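In: Sequence and predicted structure, then a few things I'm wondering about:
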Amino acid sequence: MPPTQLTRQVAARIVDYIRAEQVATGTRLVERTLADQLRVSRSPVRNALRLLAESGAVAEAERGGYTVLEIGDLDLTEDAEDGADEAVYLTIASDRLDGALPDRVTESALARQYGLTPAQLNRILRRASTEGWIERLPGYGWEFQPTLTSEQSYADSYRFRLTIEPAAILEPTFVLDRQALEHVRDQQQRLADGAIHDLDNIALFNINHVFHETIAECSRNGFFIEALRRVDNLRRLVEYRRSLPRARGVVRCREHVEIADLLLTDRRTEAAERMREHLSSVTTEKTGS
């Protein structure tokens, strides 16, 4: 039996997630985690992973779940991506941030406003949904998720992170996920070595928020983890339009590497203090406060 449209859509969203988060080959994917990330039930995720396994993008893992093999140019949609998608995607994000779009929209209205084909619109909405700033409504239409819109709320988000992220490192339940941390550390080292100059703001935001969330997840405290994920989604659209000059970004990536190295050598107190210093500097640079 051929895969359903839902299976193809979820599979494509998993591919988008893997690309956006730069998930490394060999990384284990878990149904429950993906279902939570994509905000769908586990059944379509399971079917989508089977489809991706058939395509050679993932493989079944010995202890359950799947591991990433090779995404490459895998395309599960009927149409190849249009190079104009990125520009339209950023325009929609910018219009939403500026208050030019209502909280709820229909596909037909978006298609008319931005001159999109059904395939283009599907790709853009799927990507925005994967990134967490829009959700499909039951039955009909889409709803934009809350986002930061003022300078004060943006600054407040950094003050909040300055409070919770160092604290998460010092949680008594903290257990280092060495493989995950080594992966994100290597990503930051590549950025510091020059790869940062080849990335746009979206890709850079995705890599950096994964670094911080990976550390928070080691706390094993669901409140810290969920709070950071939520604030990252709230500030996402602002970060798409605002980024540090790449020369300053290199400095911050080196700080990420330092924090990871401290954690990898079991120096949590120092890592927490370094995280506080790092976030203080970024807060000043991005908000002037």
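Out: Arrived safely.
In: Could you break the chain into its assigned domains?
Out: 5-68, 85-144, 151-287 (automatic domain parsing).
In: Turn those into JSON lines, columns for mean neighbour count and mean pLDDT.
Out: Placement of C-beta: from N, CA and C, glycine included. What follows is the domains of the chain, written out as JSON lines (neighbours: other Cβ atoms under 10 Å; pLDDT from 0 to 100):
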{"stretch": "domain 5-68", "mean neighbour count": "17", "mean pLDDT": "80"}
{"stretch": "domain 85-144", "mean neighbour count": "16", "mean pLDDT": "88"}
{"stretch": "domain 151-287", "mean neighbour count": "17", "mean pLDDT": "92"}
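In: Excluding sequence neighbours, find me the nearest residue to the residue nearest in space to the middle of the chain.
Out: Centroid-nearest residue in the chain: residue 206, 4.7 Å away (criterion: Cα atoms, centre = their mean). Excluding the flanking residues, the one nearest residue 206 by Cβ to Cβ, 6 or more residues apart in numbering is residue 20, at 5.0 Å.
In: so what's the backbone phi/psi at that neighbour?
Out: phi -60, psi -40 (degrees, to the nearest 10).
In: what do you get for the one 4 residues further on?
Out: The phi and psi torsions at residue 24 (degrees, to the nearest 10) take the values phi -80, psi 150.
In: Run through the residues that contact it.
Out: Going by Cβ atoms under 8 Å, 6 or more residues apart in numbering, residue 24 touches 68, 183.
In: Could you report the distance from it to residue 187?
Out: 9 Å (Cβ to Cβ, to the nearest Å).
In: pretty sure residue 161 contacts residue 227?
Out: No. The criterion here is Cβ atoms under 8 Å, and residue 161 misses it with residue 227 at 9.2 Å.
In: show me what contacts residue 271?
Out: Residue 271 touches 169, 259, 262-263, counting by Cβ under 8 Å, 6+ apart.
In: residue ranges of the helices in the protein, please?
Out: For the chain, applying DSSP state H gives helices covering 5-20, 31-38, 42-55, 85-97, 107-114, 118-130, 151-169, 178-192, 201-217, 222-241, 246-264, 268-287.
In: re the thing from before, between the contacts of residue 271, which is closest to residue 279?
Out: Closest approach to residue 279 among the contacts of residue 271 (Cβ to Cβ): residue 259, at 10.2 Å.
In: And the pLDDT at residue 289?
Out: In the prediction, the pLDDT value recorded for residue 289 is 68.
In: If you could redo that for residue 84, that was the one I meant.
Out: 59.
In: Begin at 43, not 1, for the rest of this chat.
Out: Sounds good: first residue 43 from here, last item residue 126.
In: ok, the residue nearest to residue 248 touching residue 171?
Out: No. Look at residue 62 against residue 171 with Cβ under 8 Å: they stay out of range, at 11.9 Å.
In: Tell me the spacing between the closest residue to residue 74 other than its chain neighbours and residue 59.
Out: Among residues not flanking residue 74 along the chain, residue 84 sits closest, at 6.3 Å (Cβ to Cβ, 6+ apart). Plainly put, residue 84 is 15 Å away from residue 59 if you go by Cβ to Cβ.
In: just residue 137 next, same as before
Out: In terms of Cβ to Cβ, residue 137 sits 24 Å off from residue 59.
In: which one is residue 166 nearest to, not counting chain neighbours?
Out: residue 131 (5.2 Å).
In: same thing with residue 257?
Out: residue 211 (6.5 Å).
In: Surely the one you found and residue 315 touch.
Out: No. Between residue 211 and residue 315 there is no contact under Cβ under 8 Å: 9.2 Å.
In: about what we covered before: nearest to residue 157 among the contacts of residue 313?
Out: residue 301 (44.6 Å).
In: Touching, that closest one and residue 316? I think so.
Out: Yes. The criterion here is Cβ under 8 Å, and residue 301 meets it with residue 316 at 5.1 Å.
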